[in-house]
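K.L.:
need the 3D shape of this:
(2 chains)
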Amino acid sequence: MMTLRLPEIRNALEGIVPSILATADVDGIPNVSLISHVQYVDPDHVALSYQFFNKTRRNLLATRLASVTVVDPDTNAQYRLTLEYLETQTSGPLFEIMRAKLAGIASHSGMQDVFRLLGSDVFRVREIEPVASEVMARPTKRNALAAARRSCEQFSRASEMGELFDTLLACLQQHFGIEHAMVLMLDQISNRLYTVSSRGYPFSGIGSEVGLGDGVIGVAAAQRVPIRIGHMTSQYTYRAAVLDSARAAGLEWACANAIAFPGLEAPQSQIAVPILCEDQTMGVLFAESTEPNQFGYDEEDALTLIAELVSARVALLQKDETAERAQPALPGSDAGGKAIRLRHYRIDNSVFVDDVYIIRGVAGAILWKLAREHAQSGRVAFTNRELRLDPALRLPDYIDNLEARLLLLQRRLSERGAGIVIDKCGRGRFRFLVEGKLSLEET
Amino acid sequence: MRVGMGLHPSSDPGKAKPDMPRAQRPHSPEAELEALSACKDDLGSGSVLTAELAEFCQSGVSVIIAVGGRGNVPLSGQGCACRVLEDGRMRILLLRRSSHALLAAADRGAPVAVTFSQPLTHRSIQIKGINAATGEPSLSDRQAAVEQLAGLEQELRDVDYARSFTEAYCAVDVGDLVALDFDPVAAFVQTPGPGAGAELRK
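P.N.:
The predicted structure is shown next:
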C-alpha cells in the first residue's frame, strides 16, 4: 500500500470539520481539544492556529509533540497525524493565510469575537495513519488541472493586455465555473491596486482601487501568497476599507469621485492570487462566490499556475513593445466637433472630462500629458517608450505596469463616453483621438 | 468550482444564501464557572461531576479523546458516546476498528482525557481520568451509543453540515463498540474564550 503523504489528504485540512488535537505534559498526562483547522504548509509540514495561551500551548512548548485527527468533509475519511512542533510565526505570509481562513471560520461559527490568531505553529509531520471510518465516494468535481491547461491555451494567444485579461476571466467562467472575477494591477508609487478587467458584476469597476493590505486582495498583494476565505467575514470587506483609507489620506473630496469597487455585496468564498514578476507583486487575480467553500487547495494551485503564465505573458507583451521606435507625429484629427473640457488637479493627478471624474494617479498624469501635447501641436501618435522615458510621469524603473495603466485609461475613457479614444495601433504604439476640440484647465 | 464540500447541502447553485452563524449565542467559560458555583446538586462528594455536567456528557455531543502514548506522544481519537456509571467511573464507547492504538495504550494504564463539546454552542468540558480499563459494552451501552450519536448528528445538521456527511460521520456499528472505563479525577471548562482551562471544582 502506498504510504500516505500530506498532499493526498489536503482536503481534510480545509477547516470544514474541526480537528482533534491531543498533547501531553512531561508526566504524560494528555489534553484534548477541538481546533478550527490544520493548515497545509508543504508536503512535510502543517501549521496550527495558536489562539490562546492554554494547557495545549504549555504542553507543546514542553514536549513539542502532538497528535491530530483530521476529517475529509467530502468523504469522511479520517487520518491521525503525529506532529513535531518546530516554531511559531507571528507575521508574514503563512500567518496572513491562516488569519484570513480563521476569520471566515470564526464568522461562520459565531465566534468572531473569540477566535483571534496569535501565531501560526509550524509542525513537521512525522507520521500519517489512516483511521477506519465510514468512507463515502468522493463527489464528482471539476478537474482543476485540466481547466488550467485549457485556460492557458486560450489566453496565451492574446496579443495585447486587455485581450489577455478579458480572455483569462472568460476562461475562469468557462472552465472553472467562476462567475465573478477581476484582475487588478499594482501601482507601486501609490501602493494601491486598480481594477483593469472584471467579469460577472453589474458594473465593471474599471479603475476602482484597493489598498495594499486591504481585504484578501490587498493582503495577497502585500504578502505575495494566495489568500482565500470560505465564509463571509466583515474583517475582509473592501467597500469600507477603500473609503476609510481615502478619508485617512485627507481626500474627502476624492471619496465622492472614487470609482466603486465592483465586488459582490456578500461574498462567501473569496480567493486572491498574486501575479508575480521575479517575486515582486505585479497584480492580483481575484475570484469570489456567493456560495461557501468554493475554492480549495486544488483551485488555489490551478489559479497560481494561471497567474504565473499571465505574468510571463505580460512580460513578453511589454518586452516586444520596448523595441518599437518613436513614430513621427501625425497631423491632428480634431477639426471641428464639440468642445471637450479637461480639468487636471495637481494634488493627485486626477482628471475630469466635462466634470466627470475619469482617473487619477499615474494614469491621470499620462492623460494630462497626452491631452496637453495634443492641444498644443495636434499630435495624435504616441509610443509607450516615450512615456517610460518621460521623467515627469515618474514611472517606477522596475515593473512599471505602463501597459496596464494605458489599458485602464483606455477603458475609463471609453466607459465614461469622454469623447477621447486611446487607440492601440501596434505593439508599443497608440493614437490619441479626440472627437471634438479640447480645452484644458489646471488646478 | 467545487461540488462536494460538506456544507450547505440545500444551497441552490447561483443563488445567494445568507450565512447563518453556527452559534448565534455561544456559551462562555464564565457562564460555566458561574453555573458551577450556583450548583448545589451533585453526584456525591467524591465526584468531579455535577448532575448537570454528567447529563451534558451523556446528551449526544461530540466526544473526543486522548490517551497518553509512549514517549509523551499522545494519541487522539473520537468516541461515540459516554455513560456515567453508578460507581462514579466514566465509560466512553469507541469503535474498536478506529481505536486500536488508543485501547492498547489505555490497557497499559496510560492516563486519558476526554472533551465533550456541543456543536451548537461550543460549550466544552474536559475530563481527566486514570485507572483506565477496556471491556465489552452492555446492551444498554450499545443503545446509548445509538441514541447519543443520533443526537450529535442532529446537532451537526443544525449547524449546516450536509446530511450525507453527518450520516457517515455518526454511523455506528454496534457490534464493533468497545467500552473504555476510567476514574474521573478533574474537570475543566474548555469552551473557547477568556477563562477557558479553569478547573471546575465544587
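
K.L.:
now do the same contact list for residue 98.
P.N.:
As the question left the chain open, I've gone with chain A. A:His37, A:Gln39, A:Ala47, A:Ser49, A:Leu117, A:Ser120 (CB atoms under 8 Å, 6 or more residues apart in numbering or on different chains). For every residue, glycine as well, the C-beta is placed using N, CA and C.

K.L.:
wrong one, chain B
P.N.:
By CB under 8 Å, 6+ apart, the contact list for B:Ser98 reads A:Gln78, A:Val131, A:Ala132, A:Ser133, B:Gly77, B:Gln78.

K.L.:
check what pLDDT it gets.
P.N.:
The model reports B:Ser98 with a pLDDT of 94.

K.L.:
next one: B:Ser11
P.N.:
pLDDT, B:Ser11: 39.

K.L.:
which among the contacts of A:Met98 count as buried?
P.N.:
The neighbour count (16 or more other CB atoms under 10 Å in any protein chain shown) marks A:His37, A:Gln39, A:Ala47, A:Ser49, A:Leu117, A:Ser120 as buried among those.

K.L.:
please list the residues of the stretch 151-300 of chain A that sit near chain B.
P.N.:
A:176-179, A:231-232, A:266, A:268, A:289-296, A:299 (CB under 8 Å from any CB of the partner chain).

K.L.:
contact partners of the lengthiest helix in chain B?
P.N.:
Secondary structure of chain B read by DSSP state H shows that its longest helix is helix B:139-158. Residues from elsewhere that reach helix B:139-158 (CB under 8 Å, 6+ apart): B:58-63, B:80-83, B:91, B:93, B:118-120, B:137, B:163, B:165-167, B:169-172, B:174, B:177, B:179.

K.L.:
and with 7 Å instead?
P.N.:
Applying CB atoms under 7 Å, 6 or more residues apart in numbering or on different chains, the external contacts of helix B:139-158 come out as B:58-62, B:80-81, B:83, B:91, B:93, B:118-120, B:163, B:166, B:169-170, B:172, B:174, B:177, B:179.

K.L.:
filter the residues of the stretch 151-300 of chain A next to chain B down to just the ones in strands.
P.N.:
Counting by DSSP state E, those place A:Ser289 in strands.

K.L.:
what ranges do the strands span in chain B?
P.N.:
Here chain B has its strands, by DSSP E, at B:62-67, B:75-79, B:81-84, B:90-95, B:112-117, B:124-135, B:177-189.

K.L.:
what's the closest of those to A:Met282?
P.N.:
Nearest to A:Met282 among the strands of chain B is strand B:75-79; the distance by CB to CB comes to 43.3 Å.

K.L.:
tell me what the closest one is packed against?
P.N.:
Contact analysis of strand B:75-79 by 3 or more CB pairs under 7 Å, 6 or more residues apart in numbering or on different chains; DSSP states H and E lists strand A:19-24, strand A:65-71, strand B:62-67, strand B:90-95, helix B:100-107 as its packing neighbours.

K.L.:
can you list these in JSON lines and add mean neighbour count and distance to A:Ala258?
P.N.:
Formatted as JSON lines, the helices and strands packed on strand B:75-79 follow (neighbours: other CB atoms under 10 Å in any protein chain shown; distance: least, CB to CB, whole Å):
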{"stretch": "strand A:19-24", "mean neighbour count": "28", "distance to A:Ala258": "42"}
{"stretch": "strand A:65-71", "mean neighbour count": "25", "distance to A:Ala258": "44"}
{"stretch": "strand B:62-67", "mean neighbour count": "26", "distance to A:Ala258": "47"}
{"stretch": "strand B:90-95", "mean neighbour count": "24", "distance to A:Ala258": "58"}
{"stretch": "helix B:100-107", "mean neighbour count": "20", "distance to A:Ala258": "58"}
